[in-house]
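Trainee: got a predicted structure here, sequence first:
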Amino acid sequence: MWFLCNADVHESIYDKEVDVVDWARNFLDEFLDNCIVTDSMPDKTTPRNPIWIPPALAIYKINCDATLAGRLVGVGIVIRDSEGFVMASSSQKIEVTLSPQVAEAVAIFRGIKLTIETSLTSCCIESGAEVVVGWINSKNPLCSKIGVVIDDIHVLLEQVHCGSINFVSRKANQVAHMLAKNGISFVENMFWLEEFLPCWFLYFD
């Protein structure tokens with residue numbers, strides 16, 4: 001219902017029903033996986049988590065992803081608590097040509113920005129961009145376009161209590177990926193607080 005309301009209010013263009021069903025299936029799979037996982041935090045030494053793992057109590061996990069479609073960049077962000085409940089999420093579109101690595105860095109930047117705006121500042125961050133995550137964690141200056149974005153990320157990180165920034169596999173980042181794909185289809189950036197793009201019920205059709 002909220003998805004349809006958002007579409008009406010913002011006159012969103014969204015007619016790829018198969019994408020909605022794919023997103024719904026991915027979200028439900030992650031949720032069910034979360035229900036059977038007992039680990040409270042992923043091991044920092046094993047970044048290639050095959051499934052989404054909830055953060056520790058009182059910590060919020062930010063999953064970010066970006067996708068490219070010509071001169072468009074889709075950004076997907078989802079913030080969840082230790083029980084896997086969605087606290088905030090977003091599908092965004094940027095009309096600009098970016099390299100894949102710069103786009104992924106922008107997604108992380110916007111994910112941190114969203115957690116600041118929603119006061120969910122005790123966090124950890126996950127992304128499927130292994131090289132970008134490595135650059136952020138190295139804190140070495142980069143003389144390039146992506147270096148500017150990473151510098152901005154470091155500035156935002158000073159405003160949050162971030163325990164870690166980790167690389168994860170696509171399977172552990174599917175919801176953010178589908179939000180990024182959906183973002184390209186929207187006319188305006190979409191945000192949801194304490195709920196999600198609630199088309200997951202289509203999975204049961």
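Mentor: Perfect, thanks for sending it. Residues are numbered from 1 along each chain as shown.

Trainee: so residue 91 versus residue 101, what's the distance?
Mentor: Look at residue 91 and residue 101: by Cβ to Cβ, to the nearest Å, they are 21 Å apart. C-beta here means a position set from N, CA and C on the backbone, and glycine is covered the same way.

Trainee: ok, now residue 124?
Mentor: 21 Å.

Trainee: again with residue 157
Mentor: Residue 157 is 18 Å from residue 101, by Cβ to Cβ.

Trainee: residue 81: neighbouring residues, count only.
Mentor: 16 (other Cβ atoms under 10 Å).

Trainee: where does residue 73 land in three-state SS?
Mentor: strand (DSSP: H, G, I helix; E, B strand; the rest coil).

Trainee: residues contacting it?
Mentor: If a contact means Cβ atoms under 8 Å, 6 or more residues apart in numbering, then residue 73 has 66, 67, 93, 94, 95, 96, 98, 103, 106, 184 as its contacts.

Trainee: got phi/psi on the third one?
Mentor: For residue 93, the backbone dihedrals (degrees, to the nearest 10) come out as phi -130, psi 140.

Trainee: could you list the low-pLDDT ranges of the protein?
Mentor: 1-49, 196-205 (pLDDT under 70).

Trainee: which residue ranges form the strands in it?
Mentor: Using DSSP state E, the strands of the chain run over 60-69, 72-80, 86-95, 122-127, 161-167, 190-193.

Trainee: turn those into TSV, including distance to residue 134.
Mentor: Below are the strands of the chain laid out as TSV (distance: least, Cβ to Cβ, whole Å):
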stretch	distance to residue 134
strand 60-69	15
strand 72-80	20
strand 86-95	23
strand 122-127	11
strand 161-167	8
strand 190-193	29
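
Trainee: residue 177 is nearest to which of those?
Mentor: Relative to residue 177, the nearest member of the strands of the chain by Cβ to Cβ is strand 60-69, separated by 4.5 Å.

Trainee: only the buried residues of that closest one, if you could.
Mentor: 60, 61, 62, 63, 64, 65, 66, 67, 68 (16 or more other Cβ atoms under 10 Å).

Trainee: ok, and the closest non-adjacent residue to the second one?
Mentor: Distances taken as Cβ to Cβ, 6 or more residues apart in numbering place residue 55 nearest to residue 61, at 4.2 Å, with adjacent residues excluded.

Trainee: tell me the spacing between that neighbour and residue 170.
Mentor: With Cβ to Cβ as the criterion, residue 55 and residue 170 are 19 Å apart.

Trainee: neighbour count winner among these two?
Mentor: residue 55 (23 against 11).
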